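Undergrad: coordinates for the following, if possible.
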Amino acid sequence: MISIVVACGTLLVIMILYFYAYLPQVTNHDETITVPDAVGKNFTELEDFLGKRDLRYEVSDSTYSGSHPPLTVLKQYPAAGAKVKENRVIYVSLNRITPPTVGMPDLTDASLINADAILKSNELKRGRIELVRGPFQIVTGMKYKGHPIEKGERVPKGSVIDLVVADGGNRDFNTPNLIGKEWDEAEVEVLGSNLNIEIVLVGDTTGIVSVVLKQKPEYPQNILVGDIVKIWIGAAGTDVPEEEDEFD
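TA: This next block holds a predicted model:
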């Protein structure tokens, strides 16, 4: 009987030592690493950046963003700030070297409003408006990098497409009054009036609400479809420097 009790006691001690001493030691129990933020890092930096933190990485996929350099990290999992074990694999999504392409949509005979919507839905951007004579204000052609482009031709996503537009009889109208309006609102009004826009930044606009400080042509001067409206934007109350007050 005593031998059985001793055996059970010994087994219990061994189990306690195994689960609460040996096993935690070999599995780094309660030892975690805070995942660093790898988003924005270049692919060539990852091995050193994560390796010196006792982490590994694998590329899970690639997507495209025109606002980031090629081969930079766009997403990661686990996210920055997560707690993980040593030697954990961090899965990253890289920005593609070349953007995917899209077939040029047919904008012929579309209004400018419809053309803008179609371009946006195809991840393209509207560029300059080139006016030609015509009785209706409709798109009569498209251009890419200064050359005519036809429906179905492949262009990189994010490309700027210039539009050839009939002037509708060369009708003019008043320049919109943009002074004091926030930048987003002013941009919508200018582009919605079928005009082109040129922007001059005044001072540091990082992290502030930018408003229109000055515009040319001034309100209410006459302007034609496709003309350029030049606006100076910055923090409200900022003076426009004299050297920026003239056209180049």
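Undergrad: Three-state assignment for the spatially most central residue of the chain, please.
TA: Most central in the chain under CA atoms, centre = their mean is Ser67, positioned 4.8 Å from the mean C-alpha point. Following DSSP: H, G, I helix; E, B strand; the rest coil, Ser67 is assigned to coil.
Undergrad: tell me where the chain has helices.
TA: Remark: helices assigned in the chain by DSSP state H are 2-17, 23-26, 46-51, 112-121, 183-192.
Undergrad: which helices and strands does the third one pack with?
TA: Contact analysis of helix 46-51 by 3 or more CB pairs under 8 Å, 6 or more residues apart in numbering; DSSP states H and E lists strand 56-63 as its packing neighbours. C-beta here means a position set from N, CA and C on the backbone, and glycine is covered the same way.
Undergrad: state the mean pLDDT of the strand it packs on.
TA: What strand 56-63 shows for mean pLDDT is 90.
Undergrad: which other helices and strands does that strand contact?
TA: Looks like strand 56-63 contacts helix 46-51, strand 89-95 (3+ CB pairs under 8 Å, 6+ apart).
Undergrad: list of residues touching stretch 174-189?
TA: Stretch 174-189 is contacted from outside by 190, 193, 197, 209-215, 217-223, 229, 231, 233, 236, using CB atoms under 8 Å, 6 or more residues apart in numbering.
Undergrad: from these, list just the buried residues.
TA: Val190, Ser193, Ser210, Val211, Val212, Leu213, Lys214, Gln215, Ile223, Val229, Ile231, Ile233 (16 or more other CB atoms under 10 Å).
Undergrad: from those residues, which ones fall inside strands?
TA: Judged by DSSP state E, those include Val211, Val212, Leu213, Lys214, Gln215, Ile223, Val229, Ile231, Ile233 as members of strands.
Undergrad: low pLDDT regions in this structure?
TA: Scanning the chain with the threshold set as pLDDT under 70 gives 1-30, 169-171, 243-248.
Undergrad: outline the domain layout of the protein.
TA: 33-95, 101-166, 172-244 (automatic domain parsing).
Undergrad: and which of the ones in strands among the buried ones among the contacts of stretch 174-189 is nearest to Ser121?
TA: Within these, proximity to Ser121 (CB to CB) peaks at Val229, which comes in at 25.4 Å.
Undergrad: who's the closest one bridged to?
TA: As for beta bridges, Val229 partners with Ile197 under DSSP bridges.
Undergrad: with Ser111 as the reference, measure out to it.
TA: With the distance defined as CB to CB, to the nearest Å, Val229 ends up 20 Å from Ser111.
Undergrad: what about the nearest residue to Lys157 once chain neighbours are set aside, distance to Pro99?
TA: Nearest residue to Lys157 in three dimensions, chain neighbours excluded: Glu123, at 4.3 Å (CB to CB, 6 or more residues apart in numbering). From Glu123 over to Pro99 the distance is 9 Å, taken as CB to CB.
Undergrad: joint contacts of the two?
TA: With CB under 8 Å, 6+ apart as the test, Glu123 and Pro99 both reach Lys157, Gly158.
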